[in-house]
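Participant: Kindly generate the corresponding structure for this input.
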Amino acid sequence: MMHYLDAAVEAARAAGDLLRQNFHRPLRVNAAEAHDIKLEIDVQTQDLITKLLLNKFPQHALYGEEGIVGDQSSEHQWVVDPLDGTVNYYYGIPHFCVSIALRFKGEIIVGVIYDPIREELWTAQKGEIPRLNGNHFHVSERADLKEAVISVGLSKTGVTIEAGLPLLQQMIQRARKCRLLGSAALDMAYVACGRFDAYIEQGISLWDVAAGWILVETAGGSVEMRPRKDMKDKYSIVASNGVIDLKL
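Facilitator: Below you'll find the predicted structure:
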């Protein structure tokens, strides 16, 4: 799988360079909604990733936030969020990333998350210990919720916001601190390397968390994903160090 991981790293770094070069520059807004923004740079970044990956692996498919390419029934499917944290990016908040994962027959086997501002690169592949800038890492060992830092995501629709607010209120009361930083992929990466103890969200897309999923699991943590029956292609997720009792 190393050639897949190398290709994902190359694509993530190239995408990160593009995002970094355009950060703080005037941005074209393709669509603006109540709780979200779609930028032209999202599309450009996914196009770059698509070109780099599918030129190397033309039989593969790509499933991304900005569209799909290729036969989605292919055994190999890249799952891509070219810019996770678009609202942060638009407002000049330096907390966003590129997320790239590869699924083989539905199972995630490679994951890369790249923060181009902090120049932090998380990499994982099935059966191997994950790395952050080349160094191995592991989830936290905190088991007591009173000592934990928990990220609670509030998603982009009224339904999921209403579902997330009671959960946020519970965690604020029980955990040491709660954080809402605006990038699900980085939340997952932070759980994987022990900065957070858990990440919880009521409505998330696969491309937001696919790379983070393998990061957390190979780092010794656990991920629970459940499809939402009321929202197409959306999931509820609990990613944690695997030992903390979240009392959900």
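
Participant: Go through stretch 160-168 and flag the buried ones.
Facilitator: 160-161, 163-164, 167-168 (16 or more other Cβ atoms under 10 Å). No exception for glycine: its C-beta is placed from N, CA and C like everyone else's.

Participant: Could I get these in JSON lines, plus columns for distance to F196?
Facilitator: Listed next are the buried residues of stretch 160-168 as JSON lines, based on distance: Cβ to Cβ, whole Å:
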{"residue": "T160", "distance to F196": "20"}
{"residue": "I161", "distance to F196": "21"}
{"residue": "A163", "distance to F196": "20"}
{"residue": "G164", "distance to F196": "16"}
{"residue": "L167", "distance to F196": "15"}
{"residue": "L168", "distance to F196": "14"}
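
Participant: Determine which two of these are furthest apart.
Facilitator: T160 and L168 (11.8 Å; Cβ to Cβ).

Participant: How far away from the center of its chain is stretch 6-24?
Facilitator: When distances are taken as Cα atoms, centre = their mean, to the nearest Å, stretch 6-24 is centred 15 Å away from the chain's centroid.

Participant: Render the CA-only coordinates of it in CSV, please.
Facilitator: C-alpha atoms of stretch 6-24 as CSV (Å, rounded to 0.1, in the frame of the first residue of the first chain):
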residue,chain,number,x,y,z
ASP,A,6,2.9,8.1,-1.2
ALA,A,7,0.4,9.3,-3.9
ALA,A,8,-2.0,10.6,-1.2
VAL,A,9,0.8,12.5,0.5
GLU,A,10,1.9,14.1,-2.7
ALA,A,11,-1.6,15.1,-3.6
ALA,A,12,-2.3,16.5,0.0
ARG,A,13,0.9,18.5,0.0
ALA,A,14,0.2,19.9,-3.5
ALA,A,15,-3.4,20.8,-2.4
GLY,A,16,-2.1,22.4,0.8
ASP,A,17,0.4,24.5,-1.2
LEU,A,18,-2.5,25.8,-3.3
LEU,A,19,-4.6,26.6,-0.3
ARG,A,20,-1.7,28.3,1.5
GLN,A,21,-0.9,30.5,-1.5
ASN,A,22,-4.5,31.7,-1.7
PHE,A,23,-5.1,32.1,2.0
HIS,A,24,-5.9,35.8,2.8
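
Participant: backbone phi and psi for the spatially most central residue of the chain, please?
Facilitator: Ranked by distance to the mean C-alpha position of the chain (Cα atoms, centre = their mean), the top residue is A185 at 2.1 Å. The phi and psi values for A185, taken as degrees, to the nearest 10, are phi -60, psi -40.

Participant: anything in contact with each of T160 and L168?
Facilitator: L154 (Cβ atoms under 8 Å, 6 or more residues apart in numbering).

Participant: Next, format the buried residues of stretch 160-168 as JSON lines and append pLDDT and secondary structure.
Facilitator: Conversion of the buried residues of stretch 160-168 to JSON lines gives the following (pLDDT from 0 to 100; DSSP: H, G, I helix; E, B strand; the rest coil):
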{"residue": "T160", "pLDDT": "71", "secondary structure": "helix"}
{"residue": "I161", "pLDDT": "78", "secondary structure": "helix"}
{"residue": "A163", "pLDDT": "75", "secondary structure": "helix"}
{"residue": "G164", "pLDDT": "79", "secondary structure": "helix"}
{"residue": "L167", "pLDDT": "86", "secondary structure": "helix"}
{"residue": "L168", "pLDDT": "89", "secondary structure": "helix"}
